[in-house]
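Peer 1: coords below, sequence missing:
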DNA sequence: CGTGTAAGGAATTCTGACACG
DNA sequence: CGTGTAAGGAATTCTGACACG
């Protein structure tokens, strides 16, 4: 349920100009954060970047940390940690579902 | 709740080329349906069209009807009818909420 | 390190129009 | 009626680089 409903949130369809407007970040900043492996837009055949709403949210979190003086390297570590946690969460749910049927965790 | 969660679905951030790819419709078709008042993209200051996922869904419904031979004029009437129903629904909910507090209808 | 900017090219989008049927 | 297309212009996006600090 809460996974299916994220279909819109995770679809990479927003181009960089629009992302720039939404987040208030410059295109330069957005591209730089990609260079630093903080964000991973989809690339169309022609090479233009497409972002999801999730990406937009992540960018805003990144922007906050940057303002606080956190370096991109540190931010990257935090992101990796978060992702590992998410994977672990997913696996636990999968195992529970496999044994006891579908259940809904908050 | 079900209203708040539509925030992503209703944000007009997708440009016409991407909408064309998602729906399989040509840009010409998409612009024509706008001319016929079936769809209402947001316009940026510079004049480029931006669509939401809701718009994309509506376009796919329109495409289906067109294939069935329904004319744009008829489609427009159906859309107007649907919108009126939605408004009525919303008002009823609002009145119920006002009198009995928040409740959740399917 | 993080970000601005000018540079040149490629791809996108827009409008109004002609065409077919 | 619904859609394709060529036309010309304006706006977007991309990359690699120089700059500052």
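Peer 2: Ah, there it is. Only a predicted model underlies this, so the values are computations on that prediction, with no experimental measurement involved.
Peer 1: give the closest residue to the residue nearest the centre of chain A in space, chain neighbours not counted.
Peer 2: Nearest to the mean C-alpha position of chain A, counting by C-alpha atoms, centre = their mean, stands residue A:55 at 4.2 Å. Leaving aside its chain neighbours, residue A:55 sits nearest to residue A:39 (5.8 Å; criterion: C-beta to C-beta, 6 or more residues apart in numbering or on different chains). Backbone N, C-alpha and C define where each C-beta goes, glycine included.
Peer 1: and residue A:71, how many residues sit next to it?
Peer 2: By the criterion of other C-beta atoms under 10 Å in any protein chain shown, residue A:71 has 11 neighbours.
Peer 1: how close does the residue nearest to residue A:55 get to DNA strand D?
Peer 2: According to C-beta to the nearest atom of the strand, to the nearest Å, residue A:39 and DNA strand D sit 12 Å apart.
Peer 1: which strands or helices does the helix or strand hosting residue A:88 pack on?
Peer 2: Using DSSP states H and E, residue A:88 falls within helix A:72-100. With contacts taken as 3 or more C-beta pairs under 8 Å, 6 or more residues apart in numbering or on different chains; DSSP states H and E, helix A:72-100 sits against helix A:53-67.
Peer 1: what's the average pLDDT for the helix it packs on?
Peer 2: For helix A:53-67, the mean pLDDT works out to 98.
Peer 1: that one near DNA strand C anywhere?
Peer 2: Yes. Counting by C-beta under 7 Å from any atom of the strand, DNA strand C has neighbours in helix A:53-67: residue A:66.
Peer 1: quick one: buried residues of that helix?
Peer 2: For helix A:53-67, a neighbour-count test (16 or more other C-beta atoms under 10 Å in any protein chain shown) marks A:53, A:54, A:55, A:56, A:58, A:59, A:62, A:63, A:65, A:66 as buried.
Peer 1: and it, anywhere near DNA strand D?
Peer 2: No. Contact of helix A:53-67 with DNA strand D (C-beta under 7 Å from any atom of the strand) is absent, the minimum separation being 12.6 Å.
Peer 1: just to revisit the earlier point, which of the buried residues of helix A:53-67 sit farthest apart?
Peer 2: Greatest spatial distance in those: A:53 and A:66, 20.2 Å, computed using C-beta to C-beta.
Peer 1: would you mind listing what in chain A touches DNA strand C?
Peer 2: Near DNA strand C, when you scan chain A using C-beta under 7 Å from any atom of the strand, you find A:26, A:28-29, A:32-33, A:36, A:44, A:46-48, A:66, A:71-73.
Peer 1: that older thread, list the buried residues in the helix holding residue A:88.
Peer 2: A:72, A:75, A:79.
Peer 1: the last one against residue A:36, yeah?
Peer 2: Translated: residue A:79. No. The criterion here is C-beta atoms under 8 Å, and residue A:79 misses it with residue A:36 at 10.3 Å.
Peer 1: so who does residue A:90 touch?
Peer 2: Contacts for residue A:90 (C-beta atoms under 8 Å, 6 or more residues apart in numbering or on different chains) come out as none.
Peer 1: per-residue confidence at it?
Peer 2: So, for residue A:90, pLDDT stands at 89.
Peer 1: what does residue A:70 give?
Peer 2: We have a pLDDT of 98 for residue A:70.
Peer 1: most neighbours among the residues of chain A next to DNA strand C, which one is it?
Peer 2: Counting neighbours by other C-beta under 10 Å, residue A:33 leads the residues of chain A next to DNA strand C with 20 neighbours.
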